[in-house]
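1. Generate coordinates for the sequence data below:
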Amino acid sequence: MMLAGAASAPAYAEYPDRPIQLVVPWGAGGGTDAVGRIFATLLEKELGQPVNVVNRTGGSGVVGHTAISSARPDGYTLGVMTVEITMMHHQGLTPLTYKDYDVLALVNADPGGVMVAADSGYGSLEDLLTAIKNEPAGTLKASGTGQGGIWHVGLAGWLMSEGVDPNKVTWVPSQGAAPGLTDMVAGGVDIVTASLPEGRALIEAGKVKPLATMGAERQPIFPDTPTLAEADGSDWTVAAWRALVAPKGLPEDVAAKLESAIETAYKSDEFQSFMKDRGFGLMWLSGDEATDFMGKSDEDFGKVMKEAGLVQ
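-> Predicted structure coming up:
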């Protein structure tokens, strides 16, 4: 005789039924942190559970990206993948590539910029480039991200486009743009290459001077800052992108729910206003589109980094 109810299927709670962790591979106060935190706020509303941002810094982005990829693929650990994932393996820092994640969406892309301290004496990009060319190698120091990171490659690409050895300027690794800018204001480095929105607070405070944007066009919130092409004729452009991802192997129903929530958050007035007010670039690619985009980005950066001597 069977007992009533003994054969009933176990009941599973609908995802998500507990808090979600969102890993940011770079330091608090930078652009990736800002994008991660606004998405955490918006996804909480969409998913009905707390989304907690955790900054896992170190290793030029390797620590945080590893933390995302090695987590259980159950939807309770997500991450903000940055452009460095298409660069770090070229340096031999990690075997990880974009293929080790389930990409949910690409949500942002920001062109690089060249910034100096307001009291540096460099009034223009031309002044800075002249100093780099005339001073002995290693005299000028730059920062903005880890060794071989996106803004290091941004600086190297600009110098190479001017016929200057990229090693003429010493790169000082940092945990992101924010600590790099702080170091520059304190006199530790001479140049920061990072997106201009990341330097906005210090620019508006009169402590940092933007000399150029590495985008193809001037940025709306910095209309007086020229492009590299306008400032010195360089044809170099570079941008950092950010994507929301999960560890590889996410269940299809969980992935579908997250993709829908992320798209709703992206299209919300709150997100659109947040990004535009801070000068961050808006860019939307679905998971499949973003994966294809990352493949091309990986190939292109590999070529530039090899030429700059950053490939191991």
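2. separation between residue 264 and residue 47?
-> 10 Å (Cβ to Cβ, to the nearest Å). (Each C-beta comes from the backbone N, C-alpha and C, glycine too.)
3. So for those two, which sits in the more crowded spot?
-> Using other Cβ atoms under 10 Å as the criterion, residue 264 and residue 47 rank with residue 47 on top: 20 against 14.
4. Surely that one touches residue 262?
-> No - the criterion here is Cβ atoms under 8 Å, and residue 47 misses it with residue 262 at 10.0 Å.
5. can you pull out the strands in the chain?
-> Ranges of strands in the chain, per DSSP state E, are 20-24, 51-55, 77-82, 101-111, 113-117, 141-143, 170-171, 191-194, 208-213, 239-247, 282-286.
6. most neighbours per residue, which of those?
-> strand 191-194 (a mean of 29; mean count of other Cβ atoms under 10 Å).
7. quick one, what contacts the residue most central in space within the chain?
-> Nearest to the mean C-alpha position of the chain, counting by Cα atoms, centre = their mean, stands residue 82 at 4.2 Å. For residue 82, the contacting residues are 25-26, 32, 61, 150, 240-243, by Cβ atoms under 8 Å, 6 or more residues apart in numbering.
8. cool, and residue 263?
-> Residue 263 neighbours (Cβ under 8 Å, 6+ apart): 105, 284, 286.
9. As a markdown table, the residues you listed with distance to residue 111 and pLDDT would be great.
-> Formatted as a markdown table, these follow (distance: Cβ to Cβ, whole Å; pLDDT from 0 to 100):
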| residue | distance to residue 111 | pLDDT |
| --- | --- | --- |
| 105 | 20 | 98 |
| 284 | 17 | 96 |
| 286 | 22 | 97 |
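10. My read is that residue 154 contacts residue 115, right?
-> No - with contacts counted by Cβ under 8 Å, residue 154 stays clear of residue 115, the gap being 11.6 Å.
11. Need the residues touching each of those two.
-> residue 193.
12. Tell me the spacing between the closest residue to residue 146 other than its chain neighbours and residue 140.
-> Closest residue in space to residue 146, ignoring its immediate chain neighbours: residue 60 at 2.7 Å, by Cβ to Cβ, 6 or more residues apart in numbering. Applying Cβ to Cβ, the value for residue 60 to residue 140 is 21 Å.
13. same check, this time on residue 256
-> Using Cβ to Cβ, one obtains 50 Å as the distance from residue 256 to residue 140.
14. Looking at the two, which one has more neighbours?
-> When neighbours are counted by other Cβ under 10 Å, residue 140 comes out ahead of the other of residue 256 and residue 140, with 18 against 11.
15. which residues does that one contact?
-> By Cβ under 8 Å, 6+ apart, the contact list for residue 140 reads 131-132, 168-170, 190-191.
16. go on, residue 265?
-> Per Cβ under 8 Å, 6+ apart, neighbours of residue 265: 39, 42-43, 45-46, 271.
17. So for the closest residue in space to residue 31 that isn't next to it in sequence, what's the pLDDT?
-> Distances taken as Cβ to Cβ, 6+ apart place residue 198 nearest to residue 31, at 4.7 Å, with adjacent residues excluded. Looking at residue 198, its pLDDT is 88.
18. what does the one 4 residues further on give?
-> As predicted, residue 202 sits at a pLDDT of 96.
19. That one: how many residues sit nearby?
-> Neighbours of residue 202 under the rule other Cβ under 10 Å: 21.
20. wouldn't it be in contact with residue 178 here?
-> No - using Cβ under 8 Å, residue 202 is not in contact with residue 178, being 9.4 Å away.
21. and the gap between the residue nearest to residue 146 and residue 161?
-> The value you get for residue 60 to residue 161, if Cβ to Cβ is used, is 23 Å.
22. State the distance spanning the first to the last residue of stretch 219-232.
-> Stretch 219-232 stretches 17 Å from its first residue to its last (Cα to Cα, to the nearest Å).
23. I'd like to check what contacts that stretch. Which residues are they?
-> 111, 113-114, 124-126, 129, 158, 161-162, 196-197, 200, 203, 210-218, 234-237, 278-279.
24. rerun that using 6 Å as the cut-off
-> Applying Cβ atoms under 6 Å, 6 or more residues apart in numbering, the contact partners of stretch 219-232 are 125-126, 129, 196, 210, 212-214, 234, 236, 279.
25. Now flag whichever of the residues you listed is closest to residue 293.
-> Minimum distance to residue 293 across those is 18.5 Å, recorded for residue 214 (Cβ to Cβ).
26. residues near the closest residue to residue 57 other than its chain neighbours, how many?
-> Excluding its sequence neighbours, the residue lying closest to residue 57 (Cβ to Cβ, 6+ apart) is residue 175, at 4.7 Å. Neighbours of residue 175 under the rule other Cβ under 10 Å: 22.
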